[in-house]
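Asks: Here is a sequence with its predicted model. Questions after.
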Amino acid sequence: MENRPALLLCPPDFYGVEYVINPWMEGNVHRANHELAIQQWRAFADVLQRNARVELALPQPHLPDMVFTANAGVVLGGNVVLSRFFHRERRGEEPHFRAWFAAHGFEIHELPRDLPFEGAGDALWDYERGVLWASYGQRTELEVHPLLAKLLGVEVVSLRLIDKRFYHLDTCFTPLEHSYVLYYPAVFDAYSNRAIEQRVPAEKRIAVSEIDAVNFACNAINIGAKIFVNKATEELKSRLVSAGFELIESPLDEFLKSGGAAKCLALRLDEPVPATAHALSTIESRVLQIEGHLLDSGLLDRAHELTIDSGGSFRILDFTLGKQHQSTSKATILVAAPSLQILEKINAQMIDLGAVLPDESIVDAELQTVVQQGVAPDDFYVTTIYPTEVRVNGRWLRVHNHRMDGVVVIDGEHAFCRLIRDLSASDKVVTGTLGVRTLRKMESRESRRSAHADEFGFMGAGVSSERRVELVVDEIAWELRRLRERGGKMVVVAGPVVIHTGGGEHLASLIRDGYVQALLGGNAIAVHDIEQALLGTSLGVDLQRGAPVRGGHRHHLRAINTIRRCGSIRAAVEQGALTRGIFYECVKNDVPFALAGSIRDDGPLPDTQMDLIKAQADYARLLRGAEMILMLSTMLHSIGVGNMTPAGVKLVCVDINPAVVTKLADRGSLESTGIVTDVGLFLSLLVQRLAA
Ligand code: ARG
């Protein structure tokens, strides 16, 4: 009985770089030196021959990558699972390798047609741990992993590759003797690195640098104490030596031009499976359905992207295209993830896109009871801005008091949205993502473009200071008039910049003219509005002349002091101490306001609520029923308001800083408009257009 391992190689008779299917091949088409490649391969095969039993596959014309036998399949204990190449260019290799395995008495397993898998390039057996490390994200589909577990009867650990240069697992990961692992951590996602760290203790992890990684030092064949590679730095060599290995370099740069090196050129044929092995894979998958303007609104792309970004895999099982302009499409998709936790994370985001389980698999939402006041059970479902329904006892219940960042509490036949801090013991909270759906407005590119009567369609969510602000302001003015006519509710959130930029008088006139139904802000806007009303300055600057006034830095404190003496803003108006300005108009016109305090507030004014939980409640109360919100140059208050506001409310965000506008207007095109401009100019224009 020979204890030298058996390896399958394929001579490079027809090797070359003839197409581009990985970044290494780019720029190298027809650039591999054939003579040199043959020399390098022979030298390498000779070295291997001294340490292993080498078998040869017959090279085939027009299959230049057949030298990379690691991609023929994965072999374990006499079984082979054949590859199904991701790229058409290599699919011609499949029948040749299949014939070879058949002729050599292997038990052959084939995967379903549409599931790409690239053999030992993406599946590496770790004898000492008894696990098959398998990768996905580049060439191999995640759904293959549970099949490998089943067919080979082993535990599969799924690792996600996130760097295109390291498109096969064997380019960046090798299990070595004595439980060592040689790998390049930077090309795995965080979850995968954790999976590696959980199974391989720190002293057994040999992490390589970028230099070694790009020299394919991890693309190694390990036989006993020997490690065969293309090349490695002295630093890595000495680390491997101290771990008890001997490094044998064999230059293979002609093959590197195709994105392969030592390990890619050989396939281990005789790896034994320990008797104790059993099939295990943590891959979870779920079939989902999504309907809408899937293609023209980019919904399907978004679903795909978020799945991949979160570490899952995405496959369209069925697609019915809406033929007419206005008709919607429907897709059935299979989402797989390396763990239930990740699947749930993906699912939660899918729900926001409107995805649902197919009818036959719809179940009730899972409920868990709160045991500690103000603390939700683990895995609680987190609400978003979209109207939501949960399924309880076979019926869909609409969630009331909806807002984002809440949890859903079920009370008999009713569902409510609640903040975690407001939970009481024995409340029933929805956990997981099953039995939850959101109702999204159908969005299509057309509806985003057309100036549809009810939407801010034509303004889009795009943010542009170039776009003619006048046009946008005209639309807002038109909407404000309509709101006022029908007794609707418009809420303004404003920061002190409104006063500094001279917009105070315009906001005051909007209030006086009945366009504003509530005003939200912080201490500063009120302080500077009142300073302006009492002393003609804003933070000590005379707005008429645009210049600081002597001693003006004390003005805002004098304003605060005056209001404190009166007792409140309202009292100051009633006592005749405050006779103009935004807050004067609020009091006079019975427009309620809420001021939320902060750590930097001077004073504060007696009206400023320094208990932020109470301030949040005040904001939420004044926001109830709002149909439109004007956010004027105040990032934090606006974000706070955004968080409390369900989808369906029109938001207009004005700020001179494009980053702030982008952040606030990022809500989907139907309901948010961003305007990058000076807020004082904006208000002046708005008032002018309203008067016209
Ligand atoms: N040009 C080949 C490809 O892109 C190289 C394969 C390398 N093989 C490997 N096991 N990493 O498919």
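Replies: That came in fine, so what should we check first? Residues are numbered from 1 along each chain as shown.
Asks: So which bits of the strand or helix carrying Glu585 are buried?
Replies: Assigned by DSSP states H and E, Glu585 belongs to helix 582-588. Within helix 582-588, the residues scored as buried using 16 or more other CB atoms under 10 Å are 582-587. Bear in mind the C-beta positions are built from the backbone N, C-alpha and C, glycine included.
Asks: and the helix or strand that comes right after it, what does it pack onto?
Replies: Moving toward the C-terminus from helix 582-588, the next helix or strand (DSSP H and E) is strand 593-596. On a contact count with 3 or more CB pairs under 8 Å, 6 or more residues apart in numbering; DSSP states H and E, strand 593-596 meets strand 518-522, helix 523-535, strand 608-609, helix 612-623.
Asks: now the residue of the stretch 51-200 of the chain found nearest the ligand, nearest residue through space, not along the chain?
Replies: Closest to the ligand within the stretch 51-200 of the chain is Gly121: 3.1 Å, counting by CB to the nearest ligand atom. Leaving aside its chain neighbours, Gly121 sits nearest to His168 (3.7 Å; criterion: CB to CB, 6 or more residues apart in numbering).
Asks: ditto for Gly603
Replies: Of all residues not flanking Gly603 in the chain, Ile560 sits nearest, at 3.9 Å (CB to CB, 6+ apart).
Asks: Next one: the one you found from Leu578, what distance?
Replies: Remark: distance between Ile560 and Leu578 (CB to CB, to the nearest Å) = 12 Å.
Asks: okay, and the common contacts of those two?
Replies: Shared contacts of Ile560 and Leu578 (CB atoms under 8 Å, 6 or more residues apart in numbering): Ile530.
Asks: give me phi/psi at the residue in the stretch 501-650 of the chain that the ligand sits nearest to?
Replies: Residue of the stretch 501-650 of the chain nearest the ligand, by CB to the nearest ligand atom: Ala647 (44.7 Å). As for Ala647, its main-chain torsions (degrees, to the nearest 10) stand at phi -60, psi 150.
Asks: Quick check: end-to-end length of stretch 541-553?
Replies: 8 Å (CA to CA, to the nearest Å).
Asks: Could you tell me which residues within it count as buried?
Replies: 541-543, 552.
Asks: So which bits of the stretch 251-400 of the chain are right by the ligand?
Replies: By CB under 6 Å from any ligand atom, the residues of the stretch 251-400 of the chain that approach the ligand are 258-260, 264.
Asks: ok, of the residues you listed, which one's closest to Ala102?
Replies: For these, the closest approach to Ala102 (CB to CB) belongs to Cys264, at 23.1 Å.
Asks: thinking again about what came up before, for burial, what's the neighbour tally of the residue nearest to Gly121?
Replies: Neighbours of His168 under the rule other CB atoms under 10 Å: 28.
Asks: The residue nearest to Tyr180 when sequence neighbours are not counted: neighbouring residues, count only.
Replies: Excluding the flanking residues, the one nearest Tyr180 by CB to CB, 6+ apart is Lys204, at 5.1 Å. Lys204 has 16 neighbours, counted by other CB under 10 Å.
Asks: what's near enough to touch Lys204?
Replies: The neighbours of Lys204, taking CB under 8 Å, 6+ apart as the test, are 178-181.
Asks: quick one: contacts for Glu413?
Replies: With contacts defined as CB under 8 Å, 6+ apart, Glu413 is in contact with 392, 397.
Asks: what's the pLDDT at it?
Replies: The confidence metric pLDDT takes the value 93 at Glu413.
Asks: Need phi/psi at the residue of the stretch 51-200 of the chain closest to the ligand.
Replies: phi -70, psi -30.
Asks: Thr634 too?
Replies: For Thr634, the backbone dihedrals (degrees, to the nearest 10) come out as phi -150, psi 100.
Asks: Not counting its neighbours along the chain, what's nearest it?
Replies: Spatial nearest neighbour of Thr634, chain neighbours left out: Gly495 (2.9 Å); criterion: CB to CB, 6+ apart.
Asks: on that earlier part again, for the buried residues of stretch 541-553, please prepare TSV with the additional fields distance to the ligand.
Replies: Shown next, in TSV, are those (distance: CB to the nearest ligand atom, whole Å):
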residue	distance to the ligand
Val541	65
Asp542	70
Leu543	67
Gly552	70
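Asks: Of those residues, which pair is most distant in space?
Replies: Leu543 and Gly552 (11.2 Å).
Asks: Give me the common contacts of these two.
Replies: By CB under 8 Å, 6+ apart, Leu543 and Gly552 have these common neighbours: Thr537.
Asks: measure the closest residue to the residue of the stretch 501-650 of the chain closest to the ligand other than its chain neighbours to Gly597 for me?
Replies: Spatial nearest neighbour of Ala647, chain neighbours left out: Ile385 (4.3 Å); criterion: CB to CB, 6+ apart. Look at Ile385 and Gly597: by CB to CB, they are 26 Å apart.
Asks: which bits of this structure sit near the ligand?
Replies: The chain comes close to the ligand at residues 21-22, 25, 65, 68, 70-71, 90, 121, 168, 170-171, 258-260, 264, as judged by CB under 6 Å from any ligand atom.
Asks: how near is whatever residue of the stretch 551-692 of the chain ends up closest to the ligand to Gly674?
Replies: Closest residue of the stretch 551-692 of the chain to the ligand, CB to the nearest ligand atom: Asp666 (38.2 Å). The gap separating Asp666 from Gly674 is 9 Å, by CB to CB.
Asks: Comparing those two, which residue is more hemmed in?
Replies: The residue with more neighbours, out of Asp666 and Gly674, is Gly674; 28 against 13, by other CB under 10 Å.
Asks: And the lowest mean pLDDT element among the helices and strands of this structure?
Replies: helix 445-449 (a mean of 46; mean pLDDT, DSSP states H and E).
Asks: Give the next helix or strand downstream of it.
Replies: Once the chain leaves helix 445-449, the following helix or strand, as judged by DSSP H and E, is helix 469-485.
Asks: Mind listing what's buried along that following helix?
Replies: Within helix 469-485, judged by 16+ other CB under 10 Å, the buried ones are 469, 472-473, 475-477, 479-480, 483-484.
Asks: Not counting its own residues, what contacts the following helix or strand past that helix?
Replies: Sequence order places strand 490-494 as the next helix or strand after helix 469-485, per DSSP H and E. Residues outside strand 490-494 that contact it (CB under 8 Å, 6+ apart): 480, 483-484, 507, 510, 515-521, 525, 582, 622-623, 626-634, 637-638, 641.
Asks: mind listing what the spatially closest residue to Arg570 that is not a sequence neighbour touches?
Replies: Excluding the flanking residues, the one nearest Arg570 by CB to CB, 6+ apart is Val587, at 5.1 Å. Residues near Val587 by CB under 8 Å, 6+ apart: 569-570, 573-574, 578.
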